[in-house]
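J.: I need the structure of the sequence given here:
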Amino acid sequence: MLSDILLITDKHRSAAVAIARKVMADREQRLRTNSSYRYMAAVSGESGAGKSELSHALALELRRLGVRVKVLHTDNYYKVEPSMRREHREMTGFEGVGMDEYDWELLHGNIDDFRHARKAVMPCIDILTDEVDLLHTDFSKIDVLVIDGLYAIGVEHTDLKVFIDLTYHETKKSQLLRGKEKTDHHRWEVLEREHRSVRSLRDAAHLLVDASYAILEPQSEEEFVTA
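T.: From the prediction side, this is the model:
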């Protein structure tokens with residue numbers, strides 16, 4: 001999103017280095033059988049967990065390694081634009097809060113543009129104006145797409161799914177510091193409902209990021225261990 005507030009710290013950079021190693025090794029293996037393979041990584045987690053910071057830190061590390069990379073923010077793909085979303089949620093009794101708020105058809109359409117190295121027109125929210133701008137992108141110039149957002153690892157056929165294992169209860173302080181949204185009853189109701197939807201995606205992750213931003217890999221279906 002345009003004008004977004006990012007607080008990238010050493011923990012984000014350190015985690016990004018570890019994840020980038022996984023991306024590079026996995027991508028190299030796939031390129032051996034398909035020289036034009038187009039790789040996608042996704043980063044999910046609850047509000048305030050640091051998704052955008054980690055996604056940008058990962059993109060910067062991949063660029064340092066010589067990869068042409070772009071971050072796609074799924075927060076740009078809500079069906080209801082920001083200026084109307086609060087009223088809409090209250091009018092519907094918050095019942096629709098969750099994954100169904102995304103325009104998945106539009107999101108998958110832009111991801112398909114990446115897969116086929118096409119030019120694309122993508123929505124981009126300016127958080128200062130709450131307006132939906134249009135971003136023109138030439139995906140033929142991009143090797144790796146990093147998808148960032150609450151439900152990003154719900155995107156089909158993503159090569160690497162990363163889940164930041166922090167709840168909104170644990171990140172209230174960082175949310176208050178960022179001040180992106182008014183912190184009142186409405187906001188906490190939305191966060192609680194998002195919490196339920198986001199946690200349902202945890203088991204789909206290939207990597208977990210714990211509270212200290214250590215990277216964990218699945219040892220079994222129930223257990224993750226330090227990478």
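
J.: Leu135 is in what secondary structure piece?
T.: strand 131-138 (DSSP states H and E).

J.: and that strand, what does it pack onto?
T.: strand 119-126 (3 or more Cβ pairs under 8 Å, 6 or more residues apart in numbering; DSSP states H and E). All C-beta atoms are positioned from the backbone trio N, CA, C, and that covers glycine.

J.: how about a cut-off of 10 Å?
T.: strand 69-73, helix 82-91, helix 104-115, strand 119-126 (3 or more Cβ pairs under 10 Å, 6 or more residues apart in numbering; DSSP states H and E).

J.: mind listing what's buried in stretch 21-39?
T.: For stretch 21-39, burial by neighbour count (16 or more other Cβ atoms under 10 Å) applies to 22-24, 27, 38-39.

J.: Which two of these have the greatest separation?
T.: Maximum pairwise distance among the buried residues of stretch 21-39 (Cβ to Cβ): 17.0 Å, between Lys22 and Arg38.

J.: Including mean neighbour count and mean pLDDT, could the helices and strands packed on strand 131-138 go into JSON lines?
T.: Shown next, in JSON lines, are these (neighbours: other Cβ atoms under 10 Å; pLDDT from 0 to 100):
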{"stretch": "strand 69-73", "mean neighbour count": "20", "mean pLDDT": "97"}
{"stretch": "helix 82-91", "mean neighbour count": "14", "mean pLDDT": "92"}
{"stretch": "helix 104-115", "mean neighbour count": "17", "mean pLDDT": "97"}
{"stretch": "strand 119-126", "mean neighbour count": "16", "mean pLDDT": "95"}
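
J.: Next, format the ones you listed as CSV and append distance to Leu208.
T.: Conversion of the helices and strands packed on strand 131-138 to CSV gives the following (distance: least, Cβ to Cβ, whole Å):
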stretch, distance to Leu208
strand 69-73, 20
helix 82-91, 29
helix 104-115, 23
strand 119-126, 28
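
J.: who wins for proximity to Glu192 among those?
T.: Comparing the helices and strands packed on strand 131-138 by Cβ to Cβ, helix 82-91 comes nearest, at 12.3 Å.

J.: Summarise which helices and strands the closest one is packed against.
T.: strand 119-126, strand 131-138, helix 185-199.

J.: Tell me which of the buried residues of stretch 21-39 fall in strands.
T.: Judged by DSSP state E, strands contain the following of the buried residues of stretch 21-39: Tyr39.

J.: hang on, the earlier thing: compare the helices and strands packed on helix 82-91 and report which one is nearest to Ile111.
T.: Between these, strand 119-126 lies closest to Ile111; by Cβ to Cβ that is 9.4 Å.
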